[in-house]
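In: I need the structure of the sequence given here:
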Amino acid sequence: MAIFNAYTLIRTLSVFHITAAYFLLTAPKKLADQSIVVILGEAMRIAPCSHFNKPTETTALAAVILAMAGVADLVAASLPEITALEYWISQVPVRLTALFGLTGYIWLFKDDGMFGSGTGAIGRLGQQGPGDLLKNDLMFTVGFMEVCAWFWVFTLLREERGRFSEKLAEKRKMEDEMSRL
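Out: Numbers count the residues shown, from 1 in each chain. Alright, predicted model coming up:
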């Protein structure tokens, strides 16, 4: 049996998203300067995030999106057991795929990555590509940590689905025995 259940982790992730939204709205530099962001960025040789020095319209939009996602996840984690299980069993693989794609994109297309340009954040003609602003240590760290956390949730949900199926089968067996009497 796990120390945490899946819904506790989902609620924790939701509170993290709401907290990150607050910092994006008030002081985004605090997020970009976190030790884990710097360490992972340096270890993976990913460019540091340079656009989070002060709150902007972009960070405000990201804050609103993160806060709404956090609140929606808190509500979804509080649904009745069978409804929440069905919802999260279908929702988590989609999130994992998207986050893994984002993290993989950042890793593979960084400047010195397998498919990177090797020319820095600004290309040969002084223009940025459409995904160049994503390729920074903050986005990589967020994506990587989210992939780890949602994969943990995914494995816990599969265990809980097995336990719920066993409990349901036992309940049906008891009902069948009671109807025979």
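In: And the strands in the chain?
Out: Counting by DSSP state E, the chain forms no strands at all.
In: What helices and strands are in contact with whichever helix in it runs longest?
Out: Using DSSP state H to define each element, the chain has its longest helix at helix 137-180. The contact analysis (3 or more Cβ pairs under 8 Å, 6 or more residues apart in numbering; DSSP states H and E) places helix 137-180 against helix 6-26, helix 28-32, helix 35-43, helix 81-108. Backbone N, C-alpha and C define where each C-beta goes, glycine included.
In: pretty sure F140 is in contact with Y105, am I right?
Out: No: contact between F140 and Y105 fails when scored by Cβ atoms under 8 Å: they sit 9.7 Å apart.
In: where does the protein dip in pLDDT?
Out: Residues of the chain meeting the criterion pLDDT under 70: 1-2, 117-128.
In: measure A47 to L99 for me?
Out: 20 Å (Cβ to Cβ, to the nearest Å).
In: what's the spacing between the closest residue to G70 other than its chain neighbours and M145?
Out: Spatially, and ignoring its direct neighbours in sequence, G70 is nearest to H17 (3.5 Å; Cβ to Cβ, 6 or more residues apart in numbering). Separation of H17 from M145 (Cβ to Cβ): 12 Å.
In: More neighbours: which of the two?
Out: A direct count of neighbours by other Cβ atoms under 10 Å for H17 and M145 places H17 higher, at 22 against 17.
In: how about that one, what does it touch?
Out: Contact analysis of H17 by Cβ atoms under 8 Å, 6 or more residues apart in numbering lists 66-67, 69-70, 73.
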